[in-house]
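Enquirer: Pasting a predicted model and its sequence here:
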Amino acid sequence: MWKLKVSQGNEHGLKSSNNNIGRQYWEFDPDLGTPQDRARVELARNHFTDNRFRTKQSSDLLMRFQFARENSSAGDEIKLPAAAAAKVNASGIEETVKVTLRKALRFYSTLQTEDGFWPADYGGPLFLLPGMVIGLFVTGALDIILPSQHRQEIRSYLYNHQLDNLIPPTALSYVTLRLLGEAKDDGDGAMENARNWILNHGGVTFIPSWGKMWLSVLGIYEWDGNNPLLPELWLLPYCLNPIHPGRMWCHSRMVYLPMSFLYANKFVGPITSLVLSLRRELYLLPYHLVDWNETRYLCAKEDLYYPHPIIQDLLWECLEKVVEPALQKWPFSKIRKKAVDVVMQHIHYEDESTNYLCIGPVLNMVCCWVEDPNSEAYKCHLSRVKDYLWVAEDGMKMQGYNGSQLWDVAFSVQAILATDLVDEYGSMLKKAHCFIRNTQGGWPFSTPDNGWIVSDCTAEGLKAALLLSTMPCDVVGEEIIALAPDRLHEAVNVILSLQNNNGGFASYELTRSYAWLEMFNPAELFGDIMIDYQYVECTSAAIQGLKLFRKLHPSYRSKEIEACISKGINFIQSIQRPDGSWYGSWGVCFVYGTWFGIKGLVAGGRTYHDCDSIRKACDFLLSKQLQSGGWGESYLSSQNKVLF
Ligand SMILES: CC(C)=CCC[C@@H](C)[C@H]1CC[C@@]2(C)C3=C(CC[C@]12C)[C@@]1(C)CC[C@H](O)C(C)(C)[C@@H]1CC3
């Protein structure tokens, strides 16, 4: 049976700066569990598969079963008083609310680990898993890193989530299944359906650029069919240049970096019989007759969220026809060599500062292997593959990050404190407090080993730490000394340093370049990715964190904090939409954004009575309340920028 392991690890090459605190990964243990335990898991799996078109989300049942097994009180019910079952009268409601909250807290405490976090599934983006499987396949580690149980779970996951409306997940998932051992016609017609869908949509030449790159690495697409990803851009002078990749949003540049290395090397994995077969399976024409130059511009209409402007295509033409051929010949090839060396240095830097977790996973691993298949760096990467994989009743998936540990703990602490029942659940807070303390540098989204601090994660971490510091020691732990003032000061310094001139906060860094760079966004699937934009969520969190800090520690950098808050408020007001809402980028969507907008303004001292923005925002929320009394929204709001 599968077992979730937390905060541990002793794999060869594993590096950690904090003893692996917060690490979460799954291991298969053939001897684990009683026949009943296994039957329960099997039932959950079948239930998911049977209902997969109705309920698309899994519910982390494998983890919950495990916690229930390990923690005997987890299954105990707290009985609600009769009042809850019958219609609750006014005097009974307070008690009912309390009991309900207690039940929720009790349940929640059973999901917490000893070192204070709540492990969880952070799966979602389907396009990442194929990269991992292709990366392991071309470097020859697929069977070692993903033994048969892993492969089985990944296959289940892909079949469980099979739809037929996007080329990259369809084509990449098809290829992944083939690499994991599925035959052309396996899956009770599923493989054939996928293939037919791809061929009916013009064949795999219509895959967007992200997929073209991965298929080229695998050897079933020619590098000539990719637009040039020049490593030379990394040699441009940083200070004068708005198009230096160092000025891009960190996620985009950390993907561009290894991609430019692979492109410059035109790296292709071993051409096996399976690779040759895939070349036959996915094209309308025989492979050697495909006009690769023409395929560079092809993209299925289903995938075209961000169509390239003409100026971008002109640029690609010029790079492809003039610049790239020149850079392959002497003397310009010397520049190429230098650029590739610089790129590799940056890759090693990112590897080391993230303990090989990286924020653009897998690509760096392939580059390290290309540089030296026996390198220690490659082995270190292998030790981190499992940090990205998660198993639930829908199978094994790849996460977009190594988890959401700190983010979840910070909000959990705030929620627990909001119940006012902390006396009873102090032990949960003690553990969470420890985790927050052990995770600080600034604060990251996941674990300190990940190494990248985020503006709003730092702000939410600070908020939680400050709130805990106001609690009596016997509740949040006598032995736990609240964060020393200088550590709190460091968090404040980080936040202050991340405010842009217009008052807004971006996600990881100051905004370093201009929105017009979006003209050169090569990814057809994603919009607004070229620079780190300022967001209502990040700005609001920063205001909230600073405001609370100033209340509790009024003497430290108070003028700067006041100025920062007031600029932040102006920024939030400036991006409110005419209907009173805010567009939220990191949750779904207008309701989420508006929550942050209002919280930010309130933290900045504004009220319903003196602030027009808050009144408009309340009107907006009231107008969107659903019949049931709740609020809900479709993910389509995010895509269409209108509430759905
Ligand atoms: C192309 C590749 C490698 C994709 C990996 C996906 C990442 C780009 C996504 C996955 C999770 C993700 C949405 C996240 C964020 C940025 C983009 C991420 C990392 C951040 C950190 C931005 C700031 C946000 O307020 C918040 C902290 C909630 C999120 C967390 C998740």
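Expert: All right, it came through fine. Values in this document were obtained by computation on a predicted structure and should not be read as measured data.

Enquirer: Leaving out sequence neighbours, find the closest residue to residue 12.
Expert: Leaving aside its sequence neighbours, residue 12 sits nearest to residue 379 (Cβ to Cβ, 6 or more residues apart in numbering; 6.0 Å). In short, each C-beta sits where N, CA and C put it, glycine included.

Enquirer: Does the one you found touch residue 139 like I think?
Expert: No: counting by Cβ atoms under 8 Å, residue 379 does not reach residue 139; the two are 11.0 Å apart.

Enquirer: burial of residue 473, as a residue count?
Expert: Number of residues near residue 473 (other Cβ atoms under 10 Å) recorded here: 11.

Enquirer: What separation do you get for it and residue 433?
Expert: As defined by Cβ to Cβ, to the nearest Å, residue 473 lies at a distance of 11 Å from residue 433.

Enquirer: Give me the nearest residue to the residue of the stretch 251-400 of the chain found nearest the ligand, chain neighbours excluded.
Expert: Per Cβ to the nearest ligand atom, residue 400 is where the stretch 251-400 of the chain lies closest to the ligand, at 3.1 Å. Closest residue in space to residue 400, ignoring its immediate chain neighbours: residue 125 at 5.0 Å, by Cβ to Cβ, 6+ apart.

Enquirer: and if you look at residue 520?
Expert: Closest to residue 520 by Cβ to Cβ, 6+ apart is residue 312, at 5.5 Å.

Enquirer: Same check on residue 506?
Expert: For residue 506, the spatially nearest residue (Cβ to Cβ, 6+ apart) is residue 532, at 3.8 Å.

Enquirer: show me the contacts for residue 185.
Expert: 191-192 (Cβ atoms under 8 Å, 6 or more residues apart in numbering).

Enquirer: Could you do residue 464 as well?
Expert: 409-410, 413-414, 432, 436 are the contacts of residue 464 under Cβ under 8 Å, 6+ apart.

Enquirer: Wait, the residue of the stretch 251-400 of the chain closest to the ligand touches residue 122, no?
Expert: Yes: counting by Cβ under 8 Å, residue 400 does reach residue 122; the two are 6.7 Å apart.

Enquirer: more neighbours, these two?
Expert: Relative neighbour count places residue 122 above the other of residue 400 and residue 122, with 22 against 15, counting by other Cβ under 10 Å.

Enquirer: quick one: the more buried one and residue 390 touch, right?
Expert: Yes: contact criterion Cβ under 8 Å: residue 122 and residue 390 qualify, at 6.9 Å.

Enquirer: Mutual contacts of the two, please.
Expert: residue 399.

Enquirer: give the contact list for residue 183.
Expert: By Cβ under 8 Å, 6+ apart, the neighbours of residue 183 are residue 191.

Enquirer: For the residue in the stretch 51-200 of the chain that the ligand sits nearest to, the count of nearby residues, please.
Expert: Nearest residue of the stretch 51-200 of the chain to the ligand: residue 125, at 5.8 Å (Cβ to the nearest ligand atom). By the criterion of other Cβ under 10 Å, residue 125 has 13 neighbours.

Enquirer: and what of residue 474?
Expert: Residue 474: 9 neighbours (other Cβ under 10 Å).

Enquirer: would it count as being in a helix?
Expert: Yes: per DSSP: H, G, I helix; E, B strand; the rest coil, residue 474 lies within a helix segment.

Enquirer: Now do the phi/psi pair for the residue nearest to it when sequence neighbours are not counted.
Expert: If the residues on either side of it in the chain are set aside, residue 474 comes closest to residue 426, at 7.6 Å by Cβ to Cβ, 6+ apart. Per-residue torsions, residue 426: phi -60, psi -30 (degrees, to the nearest 10).

Enquirer: Which pLDDT value does the model give residue 426?
Expert: You'll see residue 426 listed with a pLDDT of 89.

Enquirer: which ones are touching it?
Expert: 474-477.

Enquirer: Could you list the residues of the stretch 51-200 of the chain in contact with the ligand?
Expert: Residues of the stretch 51-200 of the chain found near the ligand (Cβ under 6 Å from any ligand atom) are residue 125.

Enquirer: With the stretch 501-644 of the chain instead?
Expert: 507, 537-538, 586.

Enquirer: Let's see which of the residues you listed end up in helices.
Expert: 537-538 (DSSP state H).

Enquirer: Rebuild the residues of the stretch 501-644 of the chain next to the ligand as CSV, extending it with neighbour count.
Expert: CSV is the format used below for those (neighbours: other Cβ atoms under 10 Å):
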residue, neighbour count
507, 23
537, 24
538, 30
586, 15
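
Enquirer: could I get the residues of the stretch 501-644 of the chain next to the ligand as CSV with pLDDT and distance to residue 361?
Expert: What follows is these, written out as CSV (pLDDT from 0 to 100; distance: Cβ to Cβ, whole Å):
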residue, pLDDT, distance to residue 361
507, 98, 18
537, 98, 24
538, 98, 23
586, 96, 19
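
Enquirer: Give me the spatial nearest neighbour of residue 585, chain neighbours excluded.
Expert: residue 535 (5.4 Å).

Enquirer: mind checking pLDDT for the one you found?
Expert: Looking at residue 535, the pLDDT reads 98.

Enquirer: Same check on residue 172?
Expert: 96.

Enquirer: mind listing what it touches?
Expert: Applying Cβ under 8 Å, 6+ apart, the residues near residue 172 are 127, 130-131, 207, 211, 214-215.

Enquirer: Run through the helices of the stretch 1-150 of the chain in chain order.
Expert: Remark: helices assigned in the stretch 1-150 of the chain by DSSP state H, counting those that start in this stretch are 35-50, 61-70, 82-85, 90-109, 128-138, 142-145, 148-160.

Enquirer: deepest of those helices, which one?
Expert: Stretch with highest mean neighbour count among these: helix 128-138 (a mean of 24; mean count of other Cβ atoms under 10 Å).
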